[in-house]
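Engineer: 3D model of this:
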Amino acid sequence: MKWDILKNDMTAIISVAALALSGLSFYVSYLYKNQQLELTITDVSYATNRGEVYMTVAFSNGGNRDAALLRADAALWSKKNDKATPQWLPIDTKVSPDVPLTDPKIPLIVKAGGVEVVRLSAKLTHDDAEQAIVEKEGGAFLGIVVATMNSDGNLYSVQHPVARLNIDHTGRIRGATAAIHQSLEGFKSVTGAPPGDQLQENEKTPFVWADQRN
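Structural biologist: Alright, predicted model coming up:
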């Protein structure tokens, strides 16, 4: 008899636990909202003498709602004219007619719990890069401009340096170094001006390469 009572109690406990688990699963799936998007620049390369910029960016959605990536551009810290304030100006010329500015094509959806890797490519002559120098920083800066939207329809803009083009005393490009050592929040508007985040190199510092100008 005691065994039957214990068996019935265990059955009741298991049933209640299953019901609670089912309720928790329903809450997490349909009611609880967790929106997270993180972008990490994994590598940057500038073929100086060919005038080609390439970047690879990983978009990681750690939330339980899909995210929309509306825009992702390589950019140059520059001025529209001599009297204008420096800003991130998108580099929107293709390196070749058959090479897209973004691969895959944007806009795109980053699924909940998923990762999308986007490769950016754009044409940037060394003359344009060298003329974009901001004197107080002593170099030219490549950056990224990203626009995102969460499942609530809120829009966000992320602008940040990713690499510094090192310029010698003659005004020519001699290499490049990273200007970012962290991942960036995709659902937070950020307007980052050079020189970057100023952190030490770590596992999130992108691989950066640029050749010397001939």
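Engineer: residues contacting the residue nearest the centre of the chain?
Structural biologist: For the chain, the residue sitting closest to the mean C-alpha position, by Cα atoms, centre = their mean, is residue 39 at 3.3 Å. Residue 39 makes contact with 57, 58, 59, 60, 146, 158, 183, 184, 186, according to Cβ atoms under 8 Å, 6 or more residues apart in numbering. (Each C-beta comes from the backbone N, C-alpha and C, glycine too.)
Engineer: In ChimeraX, how would I select the buried members of those residues?
Structural biologist: The buried residues among these can be selected in ChimeraX (16 or more other Cβ atoms under 10 Å) with this line:
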select :57,59,60,146,158,184,186
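Engineer: mind listing which of the contacts of residue 39 are in strands?
Structural biologist: Within these, residues falling in strands by DSSP state E are 57, 58, 59, 60, 146, 158, 184.
Engineer: And stretch 85-96, how far out from the chain middle?
Structural biologist: 17 Å (Cα atoms, centre = their mean, to the nearest Å).
Engineer: now swap in stretch 61-80 and tell me
Structural biologist: Its chain's C-alpha centre and that of stretch 61-80 lie 6 Å apart, by Cα atoms, centre = their mean.
Engineer: buried set for it?
Structural biologist: 61, 63-69, 72-78.
Engineer: what do you get for stretch 189-198?
Structural biologist: 192, 193, 194, 195, 196.
Engineer: now do stretch 202-214
Structural biologist: Applying a neighbour-count criterion of 16+ other Cβ under 10 Å, one finds 205, 206, 208, 210, 211, 213 buried in stretch 202-214.
Engineer: And the strands in this protein?
Structural biologist: Using DSSP E, strands in the chain cover 38-47, 52-60, 67-78, 87-90, 102-103, 108-110, 115-123, 139-149, 155-167, 173-178, 184-185, 190-191, 207-210.
Engineer: With mean pLDDT and distance to residue 130 added, can I get those strands in JSON lines?
Structural biologist: Formatted as JSON lines, the strands of the chain follow (pLDDT from 0 to 100; distance: least, Cβ to Cβ, whole Å):
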{"stretch": "strand 38-47", "mean pLDDT": "97", "distance to residue 130": "12"}
{"stretch": "strand 52-60", "mean pLDDT": "98", "distance to residue 130": "14"}
{"stretch": "strand 67-78", "mean pLDDT": "97", "distance to residue 130": "11"}
{"stretch": "strand 87-90", "mean pLDDT": "95", "distance to residue 130": "15"}
{"stretch": "strand 102-103", "mean pLDDT": "98", "distance to residue 130": "26"}
{"stretch": "strand 108-110", "mean pLDDT": "97", "distance to residue 130": "34"}
{"stretch": "strand 115-123", "mean pLDDT": "98", "distance to residue 130": "15"}
{"stretch": "strand 139-149", "mean pLDDT": "96", "distance to residue 130": "6"}
{"stretch": "strand 155-167", "mean pLDDT": "96", "distance to residue 130": "7"}
{"stretch": "strand 173-178", "mean pLDDT": "94", "distance to residue 130": "6"}
{"stretch": "strand 184-185", "mean pLDDT": "97", "distance to residue 130": "27"}
{"stretch": "strand 190-191", "mean pLDDT": "92", "distance to residue 130": "24"}
{"stretch": "strand 207-210", "mean pLDDT": "96", "distance to residue 130": "12"}
